[in-house]
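In: Can you look at this prediction? I've put the sequence above it.
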Amino acid sequence: RARQPVRAALAPVARGAQCGLRRIGAAELAAAFADDHLDPAVCDMLGAALQSSRSLLLYGPSGSGKSTLARKLGQLQQGLVAVPHALLVDQQIIQLHDPLVHLAPGRAARQGENQRSVDTRWALCQRPVVQVGAELNQQMLDLRLDAANGVYQAPPHFMANGGMLVVDDLGRQRVAPGDLLNRLNAPLEAGADQLTVEGGHKIGVPFDATLVFVTNFAPQGLLDEASMRRIGYKIHVGALSELHYRALFRHQCHLLRINGDEAVLDHLVARLHGHGGRPLLASYPRELLARICDFAGFSGIAPRLTVAALEQAWISMFAGCTSGYAAPSLPSAPFHFNGSDPLLERI
């Protein structure tokens with residue numbers, strides 16, 4: 001419980017982004033993203049963004065691995081934060097701690113903790129990573145009354161204090177992208193937000209988190225120039241190089257215990273991707289191999305990487321889809337299928 005003003009009571013959370021924070025180095029970042037086979041230039045940009053704690057926009061085609069990268073960035077946050085279980089404000093209880101979001105630190109991270117100084121009203125946690133998607137609306141960014149239990153639920157950006165808030169699928173929320181950016185950026189720059197309890201009474205709370213926006217829409221179709229300038233880093237996550245794509249495919253074969261076959265991999269890159277006009281996106285290798293496992297499991301046989309099995313997986317994945325990728329400029333842009341996938345036409 002916090003009987004003093006909320007901003008004072010949550011000062012340890014507000015200081016969390018600096019307190020005990022160790023910046024990640026280039027070697028650690030490279031090791032963390034080694035299995036993603038990213039272009040070195042993208043790794044450098046991600047490292048600089050993480051170093052700065054400024055807001056970040058990841059954009060590119062669906063399937064390029066943007067959401068996965070955002071979650072990994074959250075996991076790379078260093079240090080711990082103290083989170084109160086709940087707050088008492090004018091006899092209103094606000095539940096803040098969520099064990100699914102505020103994860104307990106490992107044994108090694110707690111070695112230096114002085115147990116005699118622990119206040120049980122607070123929980124020592126890893127830096128939170130809160131992810132929201134297309135379901136987000138304006139109402140979710142304020143306190144929500146749980147009438148059944150008589151408590152308020154904290155909004156996602158408040159729960160992300162001291163950590164990272166990932167807004168996935170930017171442009172698909174029930175609030176305009178520019179309005180959403182203003183709603184989050186203004187209090188972030190001020191270091192405090194205003195939340196409302198029943199009756200219209202507003203309370204000031206700290207807001208100190210790293211914002212990460214993820215979208216497969218063209219940024220210029222979502223945000224005006226002024227809004228774009230307010231985002232610290234804009235990073236395009238696109239297709240992999242052929243070298244990195246092949247390495248990723250071999251790595252996924254190893255993880256799924258499927259024997260690799262370079263001839264089949266050549267067919268995938270040159271024939272299926274090359275003739276079909278599909279970019280070499282990071283999500284494709286595991287998805288294709290997982291489908292090969294699905295078909296094999298249904299047939300009661302061990303999965304094998306063959307041209308026939310690969311084409312079967314490819315058709316199940318892309319039938320009815322357009323070939324290639326072009327980022328829509330607006331969320332409401334209509335989708336048109338032109339039926340131009342040569343593989344589907346051949347089969």
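Out: Sure thing, it's come through.

In: how far away is Gly260 from Asp36?
Out: 19 Å (CB to CB, to the nearest Å). (Each C-beta comes from the backbone N, C-alpha and C, glycine too.)

In: and what of His254?
Out: 15 Å.

In: Gly260 and Asp36: who's more crowded?
Out: Neighbours were counted for Gly260 and for Asp36 using other CB atoms under 10 Å; Asp36 has more, 18 against 14.

In: Would you confirm that the more buried one contacts Arg71?
Out: No: Asp36 lies out of contact with Arg71 (CB atoms under 8 Å); the separation is 11.6 Å.

In: give the contact list for the closest residue to His254 other than its chain neighbours.
Out: Counting by CB to CB, 6 or more residues apart in numbering, Gly260 is the residue found nearest to His254 once chain neighbours are left out, at 7.8 Å. Counting by CB atoms under 8 Å, 6 or more residues apart in numbering, Gly260 makes contact with 249-250, 253-254, 305.

In: which of those has the most neighbours?
Out: Top of the contacts of Gly260 by neighbour count (other CB under 10 Å): Phe249, with 24 neighbours.

In: Which residue is the nearest non-sequential neighbour of that one?
Out: Pro285 is the one closest to Phe249 (CB to CB, 6+ apart), at 4.1 Å.

In: I'd like the mean pLDDT over the host helix or strand of that neighbour, please.
Out: Using DSSP states H and E, Pro285 sits within helix 284-299. For helix 284-299, mean pLDDT rounds to 97.

In: Show me what counts as buried in that helix.
Out: 284-286, 288-289, 291-293 (16 or more other CB atoms under 10 Å).

In: So which elements touch it?
Out: If contacts are counted by 3 or more CB pairs under 8 Å, 6 or more residues apart in numbering; DSSP states H and E, helix 284-299 sits against helix 242-255, helix 307-318.

In: Is Gln252 in contact with Ile292, as I believe?
Out: No: judged on CB under 8 Å, Gln252 makes no contact with Ile292 at a distance of 10.7 Å.

In: pLDDT below threshold where in the stretch 51-200 of the chain?
Out: 107-118 (pLDDT under 70).

In: Show me the strands in it, by range?
Out: Taking DSSP state E, counting those that start in this stretch, the strands of the stretch 51-200 of the chain run over residues 56-59, 80-84, 86-89, 92-95, 122-126, 129-132, 144-146, 151-153, 164-167, 192-196.

In: Would you mind putting those strands into TSV with mean neighbour count and distance to Asp266 alongside?
Out: Shown next, in TSV, are the strands of the stretch 51-200 of the chain (neighbours: other CB atoms under 10 Å; distance: least, CB to CB, whole Å):
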stretch	mean neighbour count	distance to Asp266
strand 56-59	25	31
strand 80-84	22	48
strand 86-89	18	59
strand 92-95	18	56
strand 122-126	19	43
strand 129-132	20	37
strand 144-146	12	54
strand 151-153	19	53
strand 164-167	25	37
strand 192-196	17	54
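
In: nearest to Tyr233, of those strands?
Out: strand 56-59 (4.7 Å; CB to CB).

In: How about residues contacting the closest one?
Out: 49, 66, 69-70, 73, 170, 210-219, 231-237, 327.

In: May I ask you to confirm that Ala70 is in contact with Leu170?
Out: No: Ala70 lies out of contact with Leu170 (CB under 8 Å); the separation is 11.1 Å.

In: what touches both of these two?
Out: Val214.

In: Mind checking which of these two has more residues around it?
Out: Leu170 (25 against 22).

In: measure the closest residue to that one other than its chain neighbours to His236 for me?
Out: In space, and not counting its chain neighbours, Leu170 is closest to Thr215: 3.9 Å by CB to CB, 6+ apart. Using CB to CB, we find Thr215 at a distance of 11 Å from His236.

In: Just the residues contacting stretch 309-317, thanks.
Out: Taking CB under 8 Å, 6+ apart as the rule, stretch 309-317 contacts 264, 267-268, 272, 287-289, 291-292, 295-296, 303, 343-344, 347.

In: filter the contacts of strand 56-59 to the buried ones?
Out: Here, 16+ other CB under 10 Å leaves 49, 66, 69-70, 73, 170, 210-219, 231, 233-237, 327 buried among these.

In: ok, the residue nearest to Phe249 touching Tyr245?
Out: Yes: the criterion here is CB under 8 Å, and Pro285 meets it with Tyr245 at 7.4 Å.

In: first to last residue in stretch 91-98, what's the distance?
Out: With CA to CA, to the nearest Å as the measure, stretch 91-98 spans 21 Å from end to end.

In: so what's Lys258 up against?
Out: In this structure residue 258 is Ile, not Lys. 289, 292-293, 303-305.

In: okay if I get these as JSON lines plus distance to Ala41?
Out: Formatted as JSON lines, the contacts of Ile258 follow (distance: CB to CB, whole Å):
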{"residue": "Leu289", "distance to Ala41": "28"}
{"residue": "Ile292", "distance to Ala41": "32"}
{"residue": "Cys293", "distance to Ala41": "34"}
{"residue": "Pro303", "distance to Ala41": "35"}
{"residue": "Arg304", "distance to Ala41": "37"}
{"residue": "Leu305", "distance to Ala41": "31"}
